[in-house]
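Visitor: I would like the atomic coordinates for the input below:
(2 chains)
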Amino acid sequence: MAPILALENISKRFGAVVVADGIGLALAEGEALGIIGPNGAGKTTLFGIATGTVAPDAGRVIFAGQDITRLPPERCCRLGLARSFQVPQPFSGMTVFENVVVAAAFATGASEASVYEPCADLLDRCGLMAKANQRAGGLTLLDRKRLELARALATKPRVLLLDEVAGGLTEHECAVLVRLIKDVRAGGVSIIWIEHVVHALLAAVDRLLVLHGGKFIADGDPRTVIRSPQVAEIYMGIAADA
Amino acid sequence: MTEWLNVILQGVLIGGLYAMFAAGLSLIFGVMRLVNIAHGDLIVLAAYVALMVTQALGIDPLTSLIFVVPVMAIIGYALQRGLLNYTLGDDLLPPLLVTFGLSIIIQNGLLEWFTADSRKLQAGPIEIQTFQVMHGVWIGLLPLIQFAVAAAVIAGLQMLFYKTALGRAFRATSDDQAVAQLMGLDTRHVFAMAMALSLAVIAVAGVFLAVRTNFDPAIGPARLIFGFEAVIIGGLGNMWGTLVGGIILGVSQAIGAQIDPGWQLLAGHIVFLAILAVRPQGLFPKVWG
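Guide: Coordinates of the predicted model:
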């Protein structure tokens, strides 16, 4: 079966720094894929390229058989590609509910009234119901991350790109989010998840890729990859935690 | 005593007009951080559009709003989509320069088309109708309508921001443009809608201005200053604050003029400067961005 999202031969450099050097990646429908790599390896840039906010120097992005390389971000979103940010970026002046309503209404083109109920359900699912009418700017980190997820889910994505969801959270908080992500995946959403907190990642993904120096240097079963000599070499500090 | 009451009342009523000058300016800055130097000239342009409509169709100025408002809104949408969107970015300077250029183009275009002659829109009998609120205190019907319309425009904008999908799109884009795009918002369209709305408000302001006083192609920049002053006195991002800002400016000018006719504008500027010095964030700041 054709992959739902494919990066083909993607290259990107910022000045002298090469963040992607002919990268290829294929995400199968329903798959959950993890990406690890040292800081500055270009993981987040890949998400920017996939969602249309960063233009690659070369290569193509294919989503559900369609070339979306040059599409603006709002079109990518409406096709069903959503992402979360490492540092949550809620619309801080709006309420939690409004944040989700905006995403749901604009990404799907539905009227606001028709998305109220699904949005309420979504907030309930993400554990934010009690805070629905609070200003998003006043949320705790865990709640901001939950909102980040809720808002991405509100756009009804077919592919969800998660950028360091677990960073900065306690063990317990992290477990809450991992449960939520597994639940989302069970609902049929394909996932690519960039993460430094490897044990959180291993709990949820089928396949693990290691990005280093603008290339994937390992790809395969998460537990095999994490024990591979390449990973041990470049990634030891974090692999040791896992 | 009643003389001063009259003066203050007139100041309050003209404050509504200033608030309408200011509302569109505040809206644009709030949504896309664009300072529209051509704002005052667009108000004058709206007055001339109304002049053409009233002459061509033989209708009174207030009825002409049915045409002037959509015409200005369409101009706003096209202006944003075709020109101003390309000036937006991390740098505040390009939109400033481009709208400054636009201001000069509009002024000279109007001068070429309509000459430098002073014009005025005739609203008919309602211009001179007044009624007495108490002994010695009179209110003109037209200033009262103008103030009521201004309050309605402000209330409408406030409701639009907080109760409608378009308003949420404005607030989301104002908050974080990049994230808004990732949520499926076409920010170029959202910006163009904001400019269309701003020019729709300008249309109303322009018509009331043209009914109230004489206008010619050169009076735009002064309206821009009044608009700026009202926004800053009231505090950025707060529409009701903008109305209060307009009223404070109007009352200051009226009191200044009462003391000495030459002090009208000066008094307004002095009060503005005083508020800027004491409370640079304005009286009721609430930036929704």
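
Visitor: Next one: residue B:51 from residue B:117, what distance?
Guide: Distance, residue B:51 to residue B:117, using C-beta to C-beta, to the nearest Å: 11 Å. Just so you know, the C-beta spots here come from the backbone N, C-alpha and C atoms, and that holds for glycine as well.

Visitor: higher neighbour count, those two?
Guide: residue B:51 (21 against 8; other C-beta atoms under 10 Å in any protein chain shown).

Visitor: what's near enough to touch the nearest residue to the more buried one once chain neighbours are set aside?
Guide: Nearest in space to residue B:51, with sequence neighbours left out and distances taken as C-beta to C-beta, 6 or more residues apart in numbering or on different chains, is residue B:119 at 5.8 Å. Residue B:119 makes contact with B:47-48, B:51, B:210, B:214-216, according to C-beta atoms under 8 Å, 6 or more residues apart in numbering or on different chains.

Visitor: beta partners of residue B:119?
Guide: residue B:215 (DSSP bridges).

Visitor: picking up where we left off before, list buried residues within the contacts of residue B:119.
Guide: Using 16 or more other C-beta atoms under 10 Å in any protein chain shown as the burial test, the contacts of residue B:119 include B:47-48, B:51, B:210, B:215-216 as buried.

Visitor: closest to residue A:55 among the residues you listed?
Guide: residue B:48 (43.4 Å; C-beta to C-beta).

Visitor: can you tell me which two in the contacts of residue B:119 are farthest apart?
Guide: Every pair of the contacts of residue B:119 checked by C-beta to C-beta; the farthest is B:48 and B:214, at 12.8 Å.

Visitor: ok, whichever residue of the stretch 151-289 of chain B sits closest to chain A to residue A:105 distance?
Guide: Closest approach between the stretch 151-289 of chain B and chain A, counting by C-beta to the nearest C-beta: residue B:184, at 3.4 Å. Using C-beta to C-beta, we find residue B:184 at a distance of 9 Å from residue A:105.

Visitor: Tabulate the CA atom coordinates of the helix or strand where residue B:243 lies in CSV.
Guide: Using DSSP states H and E, residue B:243 sits in helix B:239-259. Output in CSV follows, covering the C-alpha atoms of helix B:239-259 (Å, rounded to 0.1, in the frame of the first residue of the first chain):
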residue,chain,number,x,y,z
MET,B,239,-12.8,48.9,21.3
TRP,B,240,-14.8,50.5,24.2
GLY,B,241,-11.6,52.2,25.3
THR,B,242,-11.3,53.6,21.8
LEU,B,243,-14.8,55.1,22.2
VAL,B,244,-13.8,56.7,25.5
GLY,B,245,-10.5,57.9,23.9
GLY,B,246,-12.5,59.6,21.1
ILE,B,247,-14.8,61.2,23.7
ILE,B,248,-11.9,62.5,25.7
LEU,B,249,-10.3,64.0,22.6
GLY,B,250,-13.6,65.5,21.5
VAL,B,251,-14.4,67.0,24.9
SER,B,252,-10.8,68.4,25.2
GLN,B,253,-11.1,70.1,21.8
ALA,B,254,-14.5,71.5,22.6
ILE,B,255,-13.3,72.9,25.9
GLY,B,256,-10.2,74.4,24.2
ALA,B,257,-12.3,76.0,21.5
GLN,B,258,-14.6,77.5,24.2
ILE,B,259,-11.7,79.1,25.9
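
Visitor: What residues of that helix count as buried?
Guide: Neighbour-count burial for helix B:239-259, counted by 16+ other C-beta under 10 Å, picks out B:239-258.

Visitor: any idea which helix or strand comes after that helix?
Guide: That would be, after helix B:239-259 and using DSSP H and E, helix B:264-278.

Visitor: Tabulate the CA atom coordinates of that following helix in CSV.
Guide: Taking C-alpha atoms only, helix B:264-278 is exported to CSV below (Å, rounded to 0.1, in the frame of the first residue of the first chain):
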residue,chain,number,x,y,z
GLN,B,264,-9.3,73.7,19.7
LEU,B,265,-6.7,71.4,18.2
LEU,B,266,-4.0,72.4,20.6
ALA,B,267,-6.1,71.4,23.6
GLY,B,268,-6.8,68.0,22.1
HIS,B,269,-3.1,67.4,21.5
ILE,B,270,-2.1,68.6,24.9
VAL,B,271,-4.5,66.2,26.6
PHE,B,272,-3.2,63.4,24.4
LEU,B,273,0.4,64.2,25.3
ALA,B,274,-0.5,64.4,29.0
ILE,B,275,-2.2,61.0,28.9
LEU,B,276,0.7,59.5,26.9
ALA,B,277,3.2,60.9,29.5
VAL,B,278,1.3,59.5,32.5
